[in-house]
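Student: Turn this into a structure:
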Amino acid sequence: MKLRLLSDKLSVPNPSEILKVGAHLMWEQQDDCNDAPSFDEQIMDICLSFSLASKLWHDCPTIHVSRQFLLLYLPYSLPDEFVEVLRGTDLYVFEEDVAVKHHLQGQTINCVYWLSEFYNKRRGSKALLCSRKNLVQSILCSAPLSFVHFIYTDSGFQMCLGSELYENRKDFLYEAWAKAEQVCLNLGANKRFSLFTVQGVLGMQSNASYTFFADRYNKYMAHVDYDKWFNLLKLWHKTYAKTPCRRVLELACGTAAVASRFVQNGCEVFASDISAQMLENASKRPLKPFLYQASLTDPIPYLELDLIFCLFDSINYLSSLQEIKICFDVVEKALSSDGLFIFDISTLLNSIENFSDNCNLSREKEGMMIHEAYYEPGKRKQISRLELFQEWGAAYIHQSETHVQRVYLVSEIMDIVNSSNLSLKAIHSVENKGNLYPKKLQGLDHRYYRLFFVLSKK
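Tutor: You can find the predicted model right below:
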């Protein structure tokens with residue numbers, strides 16, 4: 001399914017800023033807001049704002065889906081499509097909402113006096129139906145990141161990002177877009193609304209990219225001596241490569257702290273990351289590289305690179321040996337004949353001693369963040385959970401991220417290298433200046449916290 005983001009000249013921020021997080025996106029600006037966009041069964045329309053949706057489709061019924069419940073706005077009678085969607089769902093209305101009770105004649109409903117009564121109902125799937133738009137807006141504002149918004153029009157269900165809820169917070173808008181895109185892709189080509197599908201997507205926690213933590217990344221990494229890492233990369237390139245280092249790429253660059261040092265050094269530098277918010281923050285550096293969004297397994301658009309590097313245990317985020325092999329293959333194609341690929345891994349020793357059963361709480365000006373880390377030895381998985389609570393009016397916005405890393409053994413990495421078109425030239429650690437390969441391989445997984453691999457083309 002293709003997605004079409006609808007915006008008008010008054011919408012903010014600029015919709016083009018969302019393009020970098022929309023892999024299947026078309027952008028259409030609605031200069032004349034009196035005409036609805038053309039209908040296409042293969043396209044899901046997504047309005048940037050509720051105000052534009054109202055101009056295009058007038059006062060339509062809406063469904064706002066969270067993991068816990070449905071919130072429905074019914075300005076008139078219940079559409080037949082809603083009856084099908086709500087099958088098996090407990091329906092609740094406010095006792096004084098005479099209009100919606102009239103719309104629901106023939107339906108089994110439960111009446112409540114307070115919103116807290118509805119929240120406290122623990123039975124299965126539930127929906128709150130309301131005919132008062134201002135009340136619906138108030139509920140949405142209390143938890144703006146919890147919902148995905150659907151609008152029922154003459155041509156079927158469309159979506160809305162609800163940019164009014166975020167007060168121009170780009171990070172929130174990126175997250176809303178990412179959810180909307182994932183929901184649309186899971187609904188399939190016919191755009192048939194499925195409550196099970198939508199709530200299933202909302203229930204999944206991403207382990208692929210940083211969202212709110214991207215804005216805290218530099219503070220979290222304040223202890224890192226980036227100049228030392230930069231100098232090590234230069235030293236290893238000078239030691240193992242025969243040609244100068246002119247064209248450089250950093251994979252999983254984060255805020256591009258190391259890549260920017262290569263820019264300062266006079267190199268032509270590219271940098272990629274899967275997190276849109278990381279790239280947004282990297283773009284604010286005065287000496288920034290050429291930035292683009294990509295994962296570690298995506299094809300590299302630049303060739304004849306003298307150095308490709310991937311630091312801060314980003315390789316551990318690849319969940320399987322096959323993914324590492326794909327990463328090695330795309331890197332090999334982008335390297336020059338004498339180019340090097342340098343990456344590091346977090347070792348078994350690091351997980352067991354430093355990231356097993358840890359929990360930290362850090363207070364912020366407008367809230368707090370909880371960082372929990374634990375190690376699963378059976379699966380060799382390092383898991384970090386981040387829970388952010390930010391003040392939002394009289395309540396708190398809760399955001400959650402889960403990051404899963406796999407702890408790879410040195411022998412596993414070497415096996416993948418041997419099956420690739422790359423050759424292992426060296427293994428280094430920050431504690432030992434010498435090359436550990438091939439004479440000092442015994443017990444590396446238990447002797448060092450971090451290991452650096454230096455690879456070249458065969």
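
Student: contacts and neighbour counts: CA atoms only from here.
Tutor: Fine.

Student: Mind exporting the C-alpha coordinates of the strand or helix carrying Glu84 to PDB?
Tutor: Here Glu84 sits within helix 80-85, counting by DSSP states H and E. Once non-C-alpha atoms are left out, helix 80-85 reads as follows in PDB (Å, rounded to 0.1, in the frame of the first residue of the first chain):
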ATOM      1  CA  ASP A  80     -22.500   0.000   9.300                       C
ATOM      2  CA  GLU A  81     -18.800  -0.400   9.100                       C
ATOM      3  CA  PHE A  82     -18.400   0.600  12.700                       C
ATOM      4  CA  VAL A  83     -20.900  -2.100  13.800                       C
ATOM      5  CA  GLU A  84     -18.600  -4.700  12.200                       C
ATOM      6  CA  VAL A  85     -15.500  -3.200  13.700                       C
END
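
Student: Report the rounded mean pLDDT for that helix.
Tutor: Rounded to a whole number, the mean pLDDT of helix 80-85 is 84.

Student: Would you mark the buried spots in that helix?
Tutor: Buried residues in helix 80-85, counting neighbours by 16 or more other C-alpha atoms under 10 Å, are absent.

Student: So what touches it?
Tutor: By C-alpha atoms under 8 Å, 6 or more residues apart in numbering, the residues outside helix 80-85 that reach it are 193-195.

Student: Pull out the buried members of those residues.
Tutor: Taking 16+ other C-alpha under 10 Å as the criterion, what is buried in these is 193, 195.

Student: Can you give me the neighbour number for Lys325?
Tutor: For Lys325, the count of nearby residues is 19 (other C-alpha atoms under 10 Å).

Student: Gln182 falls within a helix, correct?
Tutor: Yes. With DSSP: H, G, I helix; E, B strand; the rest coil as the criterion, Gln182 is assigned to a helix.

Student: Report the helix or strand with the lowest average pLDDT across the chain.
Tutor: Per-element confidence for the chain was summarised using mean pLDDT, DSSP states H and E. The lowest value among helices and strands belongs to strand 25-29, with a mean of 50.

Student: I'd guessed Tyr226 sits against Ala256; true?
Tutor: No. At 10.4 Å, Tyr226 does not count as touching Ala256 under the criterion of C-alpha atoms under 8 Å.

Student: Name the residue in the two with the higher neighbour count.
Tutor: Under the neighbour definition other C-alpha under 10 Å, Tyr226 and Ala256 were set side by side, and Ala256 has more, 26 against 15.

Student: and Val410, what is it in contact with?
Tutor: With C-alpha under 8 Å, 6+ apart as the criterion, the residues that contact Val410 are 444-445.

Student: so what's the backbone phi/psi at it?
Tutor: Note on Val410: its backbone torsions stand at phi -60, psi -40 [degrees, to the nearest 10].

Student: measure it to Tyr449 for me?
Tutor: 12 Å (C-alpha to C-alpha, to the nearest Å).

Student: Equivalent analysis for Tyr73, please.
Tutor: In terms of C-alpha to C-alpha, Tyr73 sits 55 Å off from Tyr449.

Student: do Ser116 as well
Tutor: In this view, Ser116 and Tyr449 are 50 Å apart by C-alpha to C-alpha.

Student: of the two, who's got more company?
Tutor: Higher neighbour count among Ser116 and Tyr449: Tyr449, with 20 against 9, using other C-alpha under 10 Å.

Student: Give me the spatial nearest neighbour of that one, chain neighbours excluded.
Tutor: Of all residues beyond its chain neighbours, the one nearest Tyr449 is Asn350 (4.6 Å), with distances taken as C-alpha to C-alpha, 6 or more residues apart in numbering.

Student: Contacts for the strand or helix carrying Leu291 next, please.
Tutor: In this structure, Leu291 sits in strand 290-293 according to DSSP H and E. Outside strand 290-293, the residues that touch it by C-alpha under 8 Å, 6+ apart are 20, 269-276, 279, 283.
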